[in-house]
Structures are given as C-alpha cells and as structure tokens.
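**Q** Show me the folded form of this:
(chains A and B)
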Amino acid sequence: MNGDSLPLILPLSRVAKKYEAAALYAELRKPLLRYVVCLGLSADEAQDVVQDAFLSLHRHLSAGGRQENIRSWIFRVAHNATRNRQDRYERRFAAPLEEGLALGLDEITPEHAVLKKEKMRRVEKAFRLLSESERECLLLRAGGLRYREIGEVLGLSTSTVGDTVERAIRKLAERCNV
Amino acid sequence: MCEYSEKIAAWLDEEISIDDAVAVEHHLGACKECRGRLEMYRRVSGAFEAYCDAYAETVMVNKAGRKRWRRVLASTLAAAAAVAAVFLVSSLTHLRRPIIPVSVMTEHAAVARPPLSPDTLAQTTTAPASTSLQRDGGRPARGKVSAASLAQSQEPRWSADEPMLEIAIPGDAIFAPGALPEDLGFTADVTFAPDGWPQQMQMRPHLAEFERRATQP
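**A** Modelled structure (predicted):
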C-alpha cells in the first residue's frame, strides 16, 4: 500500500473533512491565485502563498478550528501573506503598463484582438488610479467573495465595503468607458 | 443615492430574506436609477473580471513558457552533446582508419528486425533506402521486411572477434521531452575491431526501462 491510499477504515467525520478540504481546494485555488497575482506576486510566489494558505487551512481545520467563513478565512491568510511582501505590491502598481496581456485564443479576427487589448489597457490604467482599499475590494469581489466576506478579509464593515465597491465601479466606468 | 443601494448589494449576494428580496426586485422594476447602477455594476465587473483573468494568465503563462523553453534548451544541449560525442568517436577512429562505416539505422529497418540475437546484429552500412524493393529469395519483398532481410543478407555476421558495446541512450537525451513515448529510448551498438578501435556504430530504437536519474523530487 502506498502512502497516498486511504486506510481501509476511516471515521466518517474524517472522510467528510477530507472531502471538504478537497472541494475547497478545487473551488478556491484558482480565485486565490488570481487574487494574489493581481496584487503583484510573481507566478512562483503566488503558488507558494496559495500553497501555504491551504496548509494553514488544513492545520486550522485539523485543530478543530471554526468552520464558518472558511472562504474569507483563507483569503485573509493569502491577503496578509501578500501584503507582507510590500515591495511586490508597490512594484505592481508603479511598474509601466504591461504590454502584452494574454488574450486567449478565442479572438476571431485581429481587429477583435486589438479592440480587446485596448480595452484591457484602459481597465488596467483606471485600476491603477484607484485607492488601495478600492483595488482590494474590487479584486476580492472579482474573486467571488460576498460583501460581508470582503469585510472579514480586510477588517471593514459590510456597508463600508459596499460603498467602496460602488465607488470603485463608478470610477472604472467613468475612466475606461466600459 | 437611493436608500435601496445597500439592500441591492445584499440582494446580489443572496444574503437577504425572501420578503426583502421581493421588495428589492419590485423596487428595481420601478427605480430607473437603481436599475442603471445595477446594469453598470454588472457591465464593469464583467470587464474587470476579464481583465483580472488576462492579467493573471499573462503572469502565469509567461512563467510556464519560460520553464518549457528552458527544458527544450536543456534537451537540445544534451542532444548536441550526444551528437558531438558520436562525431568525436568517429573522427578519432577516422584518423587511424580512413574507411569506417558509421551508420545510423533507419527506424523502419530497426523496428522490423527480429529480437536481438547475434545473427541479427547486422549493420546497415551500405544499403540506401531506395534498395528496399529488392528481391529476396526469389520473392518480391517489400517495405519493412525487405529492409530487415536485406540488412541481414548483405552485412557481415557477428563474430567473436568483434566485441560489441551496447550504449543505452534515453529518448529525451536526444529529442525534446514529449516528442517520443516515455519508455522509448535508443541503443547504440558499437563494434570494435580486434585491435581495439571502434569499427561500426548503429543506433536502434529500444523499448526499455532505463535506470533514469531522478529528475524531480
């Protein structure tokens, strides 16, 4: 029997926990990666941070930690780890505009690709002009978090988050004309 | 700003009682301002998500691309080193013996060859590809079989005077990773003349489990 296979008899609660952890990993890994990359981490750093966050989650759950608000819990861990690399964060928003954003292969014509690229540049430009908390709220919102959960990650009240997201959306709409 | 904006946020997140949800939907039907804001929210957040995807993909894919390129480069260098070694051996022997047939057997002929045995350790030295349509034993022989039998019939038999060395070469030392099935490698057979100099070399594909060094932890 190799190390990966399950022991024959597992308490049902542990099976459920394993399943739950796997489901969480499948659901949250990609949004987490996207969030920390958009905050300025490199691909390697992002992988590390997300891996560590899931490791912390595993320890948290194994130690009988609270199971509510797991999504905001793990986003908070990843967020704090990212903000600890302040240099990355600053470089991300001070660096010159990224030239070649990956546009996927679904563009039918070169014109489509050019239009899309132009739109992405406008969004990037407008995004950089937002305040720190506006950016983070918006990124977490794009990560699929609820207003309440965003508040839990950033330590803000739900209504503050609501106002911040609304303001950020309005600024983006005005500046990049989407 | 409309008093409903906070409730609309909660409604979007489905964190609202059914009664309130009904009220919000009713309000959205009536309030043009709120409908406009909701529409703007959806449009902008859609565009923003597309931007996030594109940005993250750029960072992650560029990285993967660089990694892949490094791997290809490494295998190319390995292949170049292997080829250089072959030429070094053949040119060294060339200094001493002007005519050394060093040949690389074609894949067809090698695949069609019977399993390894002294009798079949023939060397393709002189047969060009165009001669594969020769007759063998009165019967028209075609394709792979003829290439193999031709090789066998024309080439010198294995003799104890010419000891042979088999060198196993993993496929990914020559080709880029993924270009060949995983367990396909090559065997180079080098024969030596009685005086100890390499005489002939041929390579053949070989399905084998090489003892591979651990590449990844």
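**Q** switch to C-alpha atoms for all contacts and neighbour counts from now on
**A** Fine.
**Q** show me the contacts for the residue nearest to the spatial centre of chain A.
**A** The geometric centre of chain A, computed from its C-alpha atoms, lies nearest to A:Y35 (C-alpha atoms, centre = their mean), at 2.5 Å. Taking C-alpha atoms under 8 Å, 6 or more residues apart in numbering or on different chains, we find A:Y35 in contact with A:L139, A:L140, A:G143.
**Q** what does A:V36 give?
**A** A:A46, A:A78, A:H79, A:T82.
**Q** Which secondary structure element is home to it?
**A** Following DSSP states H and E, one finds A:V36 within helix A:12-38.
**Q** Quick one: distance of that helix to the chain centre.
**A** Chain-centre distance of helix A:12-38: 13 Å, with C-alpha atoms, centre = their mean, to the nearest Å.
**Q** Count the residues that sit near the residue nearest to B:D53 when sequence neighbours are not counted.
**A** The shortest distance from B:D53 to any non-neighbouring residue, by C-alpha to C-alpha, 6 or more residues apart in numbering or on different chains, is to A:R34 (7.2 Å). Neighbours of A:R34 under the rule other C-alpha atoms under 10 Å in any protein chain shown: 27.
**Q** Go ahead and confirm A:R34 touches B:A56.
**A** Yes: A:R34 sits in contact with B:A56 when judged by C-alpha atoms under 8 Å, with a separation of 5.5 Å.
**Q** quick one on the thing from earlier: can you give me every residue that contacts the residue nearest to B:D53?
**A** If you count contacts by C-alpha under 8 Å, 6+ apart, A:R34 has them with A:G143, B:C52, B:D53, B:A56.
**Q** How about the first one, nearest residue that isn't a chain neighbour?
**A** Closest residue in space to A:G143, ignoring its immediate chain neighbours: A:P31 at 5.2 Å, by C-alpha to C-alpha, 6+ apart.
**Q** What is the neighbour count of the nearest residue to A:V123 once chain neighbours are set aside?
**A** Spatially, and ignoring its direct neighbours in sequence, A:V123 is nearest to A:C176 (5.8 Å; C-alpha to C-alpha, 6+ apart). If you count neighbours by other C-alpha under 10 Å, A:C176 ends up with 17.
**Q** quick one, what contacts A:C176?
**A** Here A:C176 is in contact with A:K119, A:R122, A:V123, A:A126 (C-alpha under 8 Å, 6+ apart).
**Q** Output the contacts of A:V36 as JSON lines; include the columns distance to B:T187 and pLDDT.
**A** Listed next are the contacts of A:V36 as JSON lines, based on distance: C-alpha to C-alpha, whole Å; pLDDT from 0 to 100:
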{"residue": "A:A46", "distance to B:T187": "43", "pLDDT": "93"}
{"residue": "A:A78", "distance to B:T187": "50", "pLDDT": "95"}
{"residue": "A:H79", "distance to B:T187": "53", "pLDDT": "95"}
{"residue": "A:T82", "distance to B:T187": "51", "pLDDT": "92"}
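**Q** Among those residues, pick out the one closest to A:H58, please.
**A** A:A78 (13.9 Å; C-alpha to C-alpha).
**Q** and the closest residue to A:L140 other than its chain neighbours, how many residues sit next to it?
**A** Leaving out its chain neighbours, the residue that sits closest to A:L140 by C-alpha to C-alpha, 6+ apart is A:I150, at 6.4 Å. The number of residues packed near A:I150 is 27, by other C-alpha under 10 Å.
**Q** The one 10 residues further on now?
**A** Using other C-alpha under 10 Å, A:T160 is surrounded by 13 other residues.
**Q** got it, and the one 3 residues further on?
**A** Residue crowding around A:D163 was assessed by other C-alpha under 10 Å; the count is 16.
**Q** got it, and A:T164?
**A** A:T164 has 19 neighbours, counted by other C-alpha under 10 Å.
**Q** about what we covered before: quick one: which of the contacts of A:Y35 is most hemmed in?
**A** A:L140 (27 neighbours).
**Q** Tell me the buried residues in the helix or strand that contains it?
**A** Take DSSP H and E as the rule and A:L140 turns out to sit in helix A:132-142. Residues of helix A:132-142 classed as buried: A:E134, A:R135, A:E136, A:C137, A:L138, A:L139, A:L140, A:R141, A:A142 (neighbour count, 16 or more other C-alpha atoms under 10 Å in any protein chain shown).
**Q** got it, and stretch A:81-93?
**A** Buried residues in stretch A:81-93, counted by 16+ other C-alpha under 10 Å: A:A81, A:T82, A:R83, A:R88, A:Y89, A:R92, A:F93.
**Q** That stretch close to chain B?
**A** No: using C-alpha under 8 Å from any C-alpha of the partner chain, stretch A:81-93 stays clear of chain B, coming no nearer than 11.4 Å.
**Q** domains of chain B?
**A** Domain assignment of chain B by automatic domain parsing yields the ranges B:5-59, B:69-207.
**Q** Which one of the ones you listed has the poorest average confidence?
**A** When these are ranked by mean pLDDT, domain B:69-207 comes last with a mean of 59.
**Q** mind checking the SS state of residue 79?
**A** Picking chain A for this. helix (DSSP: H, G, I helix; E, B strand; the rest coil).
**Q** my question was about chain B
**A** Following three-state DSSP, we place B:A79 in the helix state.
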